[in-house]
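**Student:** Sequence isn't available, so here's the structure alone:
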């Protein structure tokens, strides 16, 4: 791509507001001159990466051919997986409500009594109170319930994928979100293990030692089973969350091949960090419709500089996590590139062709439609969370008013129906 086209794409995206958040982030710290040169720095960085990738055969193209592609898929079987988390806020409780749904489909096949074209299922669920010491998910309580919920969602999705792969023959299985997640945040001291029964359901086997029931070794075991299933498994990420791990790997390659000196690398990384520019935003300026970056393996647990932050108790386990073979593919001109992660050794061209063609099944849509279908199926609706919260409050009030203690009643009313600035909290005269 020539320099004029890079400049044109940058100007178009700035006019559409794609970089507004990045500009606002630095508005308070940068001078007016520095802010005005944002587009120039961005153009230079995008041009640098574009030239290296194209000269290095690091960008390839997938032909979009729906007329011939979909007849070729007739009779094949694809799976899509996503998890839903209930948003329930209960006084005096820390509810966990996770369910993982799957959508299996055979394109071009008509449903008969003997053969189903589509199948929907809830393959894994976790429901519990994280403040309860006798809960069914974790074998102990932990002060950071947000981490407990995140870990439960991640491992429930992985456990559901493992279960599907071991009972169903598929040509490919796509998961919404990363295929491999960073695990260090869940290795802090005191983070509880899963119960014996929950570890059995997640892994499909028995006989785990207590340490093997911890999130890190159990998640590693499930990922290794998925990797060796013989089926193409991939995670598709629509929003990258602002990460720059992929671009950092490309900069490393440029250093190794003498295409970039260390001073310029440091300058580039400072610019990316200052404006919060992500992998997706930069590659959006480089990739054309149907193009993808030739996949490179990325260690999702961190590079050499980050490994000193690994929890010491779990270092030997974290070292064994597989790398994510990572690419970015641009489904259409107006869409951001999608990040696609799979295991090393996967035939990526067939996988990326599937992602591209399923992303363009609907007009003005640029995400695998099967993942959108399963997202709607697995999502826990808000009305359900509200009903649960209402039932819990009614039950708590009943118990409070069944006592003869006015302090208990007063506390229940305050907790359930008042805020910190409510009239109930005004000092009594």
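**Tutor:** Thanks, I have it. Just so you know, these numbers come straight off a predicted model, no measurement behind them. Numbers count the residues shown, from 1 in each chain.
**Student:** residue boundaries of the strands in the stretch 301-429 of the chain?
**Tutor:** Taking DSSP state E, counting those that start in this stretch as the test, the strands found in the stretch 301-429 of the chain are 324-329, 338-343.
**Student:** need the ones you listed in JSON lines with distance to residue 51, can you?
**Tutor:** Bear in mind the C-beta positions are built from the backbone N, C-alpha and C, glycine included. Written out in JSON lines, the entries for these read as follows (distance: least, C-beta to C-beta, whole Å):
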{"stretch": "strand 324-329", "distance to residue 51": "17"}
{"stretch": "strand 338-343", "distance to residue 51": "22"}
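**Student:** Can you say which of those is nearest to residue 237?
**Tutor:** Smallest distance to residue 237 across the strands of the stretch 301-429 of the chain (C-beta to C-beta): 4.0 Å, for strand 338-343.
**Student:** Point me to the residue sitting closest to the centre of the protein.
**Tutor:** Closest to where the C-alpha atoms of the chain average out (C-alpha atoms, centre = their mean) is residue 177, at 3.1 Å.
**Student:** Would you check that that residue makes contact with residue 153?
**Tutor:** No - using C-beta atoms under 8 Å as the test, residue 177 is too far from residue 153 to be in contact (9.3 Å).
**Student:** Could you tell me which ranges of the stretch 51-200 of the chain sit under the pLDDT cut-off?
**Tutor:** Residue ranges of the stretch 51-200 of the chain with pLDDT under 70: 88-93, 113.
**Student:** All the strands of it, in order from the start?
**Tutor:** Taking DSSP E, counting those that start in this stretch to define them, one finds strands in the stretch 51-200 of the chain at 59-61, 78-85, 95-105, 118-129, 172-176.
**Student:** Against residue 159, how distant is the spatially closest residue to residue 155 that is not a sequence neighbour?
**Tutor:** Spatially, and ignoring its direct neighbours in sequence, residue 155 is nearest to residue 219 (5.4 Å; C-beta to C-beta, 6 or more residues apart in numbering). The spacing between residue 219 and residue 159, counted by C-beta to C-beta, to the nearest Å, is 9 Å.
**Student:** How about residue 353?
**Tutor:** 28 Å.
**Student:** When the two are compared, which one has more neighbours?
**Tutor:** Just comparing residue 353 and residue 159: by other C-beta atoms under 10 Å the higher neighbour count belongs to residue 159, 25 against 21.
**Student:** can you pull the contacts of that one?
**Tutor:** 100, 124, 201-203, 222 (C-beta atoms under 8 Å, 6 or more residues apart in numbering).
**Student:** between the longest helix anywhere in the chain and strand 172-176, how many degrees?
**Tutor:** For the chain, the helix with the greatest residue count under DSSP state H is helix 145-167. Relative orientation of helix 145-167 versus strand 172-176 (axes from the mean of the first three to the mean of the last three C-alpha atoms, to 10 degrees): 170 degrees.
**Student:** Report the buried residues of helix 145-167.
**Tutor:** Using 16 or more other C-beta atoms under 10 Å as the test for burial, helix 145-167 gives 145, 148-165.
**Student:** what sits up against stretch 297-317?
**Tutor:** Contact partners of stretch 297-317, identified using C-beta under 8 Å, 6+ apart, comprise 178, 180-184, 187-189, 214, 216-217, 220, 245-246, 248-249, 318, 321, 323-326, 341, 344.
**Student:** if we go to 6 Å?
**Tutor:** Stretch 297-317 has contacts (C-beta atoms under 6 Å, 6 or more residues apart in numbering) with 180, 182, 184, 187, 216-217, 220, 245, 249, 318, 321, 323-326, 344.
**Student:** Sketch out the helices for the stretch 251-400 of the chain, chain order is fine.
**Tutor:** Counting by DSSP state H, counting those that start in this stretch, one finds helices in the stretch 251-400 of the chain at the ranges 262-275, 279-286, 315-318, 348-359, 369-378, 382-401.
**Student:** could those go into TSV alongside distance to residue 256?
**Tutor:** Shown next, in TSV, are those (distance: least, C-beta to C-beta, whole Å):
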stretch	distance to residue 256
helix 262-275	11
helix 279-286	19
helix 315-318	25
helix 348-359	22
helix 369-378	35
helix 382-401	50
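**Student:** Quick one: closest of these to residue 408.
**Tutor:** Set against residue 408 and scored by C-beta to C-beta, these come closest in helix 382-401, at 5.3 Å.
**Student:** State the mean pLDDT of the closest one.
**Tutor:** Averaged over helix 382-401, pLDDT sits at 70.
**Student:** secondary structure element for residue 224?
**Tutor:** Here residue 224, judged by DSSP states H and E, is contained in helix 215-227.
**Student:** And that helix, what does it pack against?
**Tutor:** Contact partners of helix 215-227 among helices and strands, from 3 or more C-beta pairs under 6 Å, 6 or more residues apart in numbering; DSSP states H and E: helix 145-167, helix 315-318.
**Student:** This completes my enquiry, with thanks.
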